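Colleague: based on what follows, work out the 3D shape:
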Amino acid sequence: MWHINKNVLANLRKYFPAPVEGKEEEWGEFMASWNSVTESITASQFESNWEAFSIKYNVDHRAAVDYISRIRIPHHEKFVRTFTD
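Modeller: I've put the predicted structure just below:
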């Protein structure tokens, strides 16, 4: 999972501007939400977490959600906890 998160960081951090007052934690919240997707313990929880993540970030960070949708989610069975344990 470490290498996937490093890839997400390398490819998506650019979509989150440098911290400004009121948005200091935006990147951290994004990564915490992404981690809730990857740490899902059931398939239904994964679906629910992915849907919530997509809805939450699709408005302000559509490019980031598109990237994860295209590059990571098609391979979710290789890294999401419920499918790898």
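Colleague: next, count neighbours for L12.
Modeller: 20 (other Cβ atoms under 10 Å). For the C-beta atoms, the positions are set from N, CA and C on the backbone; glycine is no exception.
Colleague: residues in contact with the helix or strand hosting N7?
Modeller: Element membership for N7, per DSSP states H and E: helix 2-12. The contact list for helix 2-12, computed with Cβ atoms under 8 Å, 6 or more residues apart in numbering, reads 30-31, 34-35, 38, 61, 63-64, 67-68, 71-72, 79.
Colleague: which among these end up buried?
Modeller: 30-31, 34, 38, 61, 64, 67-68, 72 (16 or more other Cβ atoms under 10 Å).
Colleague: among these, which ones are in strands?
Modeller: The members of the buried ones among the contacts of helix 2-12 all map outside strands under DSSP state E.
Colleague: and stretch 67-81, how far out from the chain's middle?
Modeller: Offset of stretch 67-81 from its chain centre (Cα atoms, centre = their mean, to the nearest Å): 10 Å.
Colleague: can you get me the start-to-end distance on it?
Modeller: Counting by Cα to Cα, to the nearest Å, you get 20 Å between the two ends of stretch 67-81.
Colleague: average pLDDT for that stretch?
Modeller: Mean pLDDT, stretch 67-81: 94.
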